[in-house]
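>>> Provided below are the primary sequence and the corresponding predicted coordinates.
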Amino acid sequence: MKILVIEDNESVCAMIEMFFSKEDIEGRFVNDGLEGYEAYKREDWDLMIVDWMLPGMDGVTLCRKVRQEGSDIPIIMLTAKDSESDQVLGLEMGADDYVTKPFSPLALMARIKAVARRYQKQKPDENSDVGTSRLKINKETREVSLDGKPVTNLTPKEFDLLLLFAQHPRQVFTREQLLERVWGYQFYGDERTVDVHIKRLRKKLGTAEQPFFHTVWGVGYKFDECVDGHEG
């Protein structure tokens, strides 16, 4: 993997770099947000790790700019902010994941590996398309269309979540199941992450009258193209 790390704390960078060397990961370390953004633009990366508080350009702004340009590069945000509102803001700006400082480098590596497994290049297969009456999803190219029109503003996590639901229409998933199957590891009770991504998918794909993603109170969520979540 080739990872861009934008972090201004030298000790954090040294720690990450040590673990990168053990895992045979190629890392580039930049300590300024604006310089990091330019590095992202110049080269191709498999993943970005971005600190929230940076000189030049803060991590949230950087993340938002990357997403506005249509990039689906996975982004893990490092943050010393541990309030729910701050974490939600980072996710809403397009981060796929966040790690709160101080953090275990082993936990960070586990999350990086989970992303690598999901986004590694796959060989084409004959069953790469998933279809519903209104949605068409190509697993290989990660392209989505709704009513024949392309949907181009989905983040990697949003795509993975949509794909899981589309493959299991009307099946109810708990938040814990979604965290395990989409994120690939335990989020230690932070189920708010799921709620944020469902909210974003509803906004990008559905309407108030047809949200696609239906809340099953006391349980979790299900995907159903019927307006009220029921057939008939």
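Nice, thanks for sending it over. Numbers count the residues shown, from 1 in each chain.

>>> Residue 146: how many residues sit nearby?
16 (other CB atoms under 10 Å). C-betas here are computed from N, CA, C, even on glycine.

>>> Output the below-cut-off pLDDT ranges for this structure.
Within the chain, the segments meeting pLDDT under 70 span 81-91, 115-128, 185-190, 227-232.

>>> What lies in contact with stretch 41-53?
Here stretch 41-53 makes contact (CB atoms under 8 Å, 6 or more residues apart in numbering) with 1-9, 12, 16, 28, 36, 40, 58-60, 62-63, 66, 73-81, 86, 90, 95, 108, 112, 115-116, 119.

>>> Which members of those occur in strands, if any?
2-6, 28, 75-79 (DSSP state E).

>>> how near is the residue nearest to the spatial centre of the chain to residue 50?
Closest residue to the average C-alpha location of the chain: residue 96 at 2.7 Å, with CA atoms, centre = their mean. In this view, residue 96 and residue 50 are 11 Å apart by CB to CB, to the nearest Å.

>>> who touches both of these two?
Contacts common to residue 96 and residue 50, judged by CB under 8 Å, 6+ apart, are 75-76.

>>> Give me the angle between the helix or strand that contains residue 160 and strand 75-79.
Using DSSP states H and E, residue 160 sits within helix 156-167. Relative orientation of helix 156-167 and strand 75-79, computed by axes from the mean of the first three to the mean of the last three CA atoms, to 10 degrees: 120 degrees.

>>> Buried ones in helix 156-167, by neighbour count?
156-166 (16 or more other CB atoms under 10 Å).

>>> Name the nearest of the residues you listed relative to residue 218.
Closest approach between the buried residues of helix 156-167 and residue 218, by CB to CB: residue 165, at 18.9 Å.

>>> ok, the closest one to residue 148 distance?
Counting by CB to CB - residue 165 and residue 148 are separated by 20 Å.

>>> And residue 200, by the same measure?
22 Å.

>>> who has more neighbours, the two?
Neighbours per residue (other CB under 10 Å) separate residue 200 from residue 148, with residue 200 holding more: 19 against 7.

>>> Wait, the more buried one touches residue 158, no?
Yes - using CB atoms under 8 Å, residue 200 is in contact with residue 158, at 6.1 Å.

>>> mind listing what the residue lying closest to residue 147 once chain neighbours are set aside touches?
Nearest residue to residue 147 in three dimensions, chain neighbours excluded: residue 134, at 5.5 Å (CB to CB, 6 or more residues apart in numbering). Contact analysis of residue 134 by CB under 8 Å, 6+ apart lists 146-147, 225.

>>> Mind checking which of those residues are in strands?
residue 146.

>>> Return the member of the contacts of residue 134 nearest to residue 195.
Distances from residue 195 to the contacts of residue 134, taken by CB to CB, are shortest for residue 225, at 21.1 Å.

>>> Could you pull up the residues touching that closest one?
132-135, 169, 210, 212.

>>> Run a quick neighbour tally on residue 141.
By other CB under 10 Å, neighbour count at residue 141 equals 10.

>>> Which helix or which strand is home to it?
Using DSSP H and E, no helix or strand contains residue 141.

>>> Check the gap between residue 62 and residue 34 for me.
Distance, residue 62 to residue 34, by CB to CB: 8 Å.

>>> Can you pick out the residue with more neighbours from those two?
Neighbours of residue 62 and residue 34, each counted by other CB under 10 Å, are more numerous for residue 62; the result is 26 against 15.
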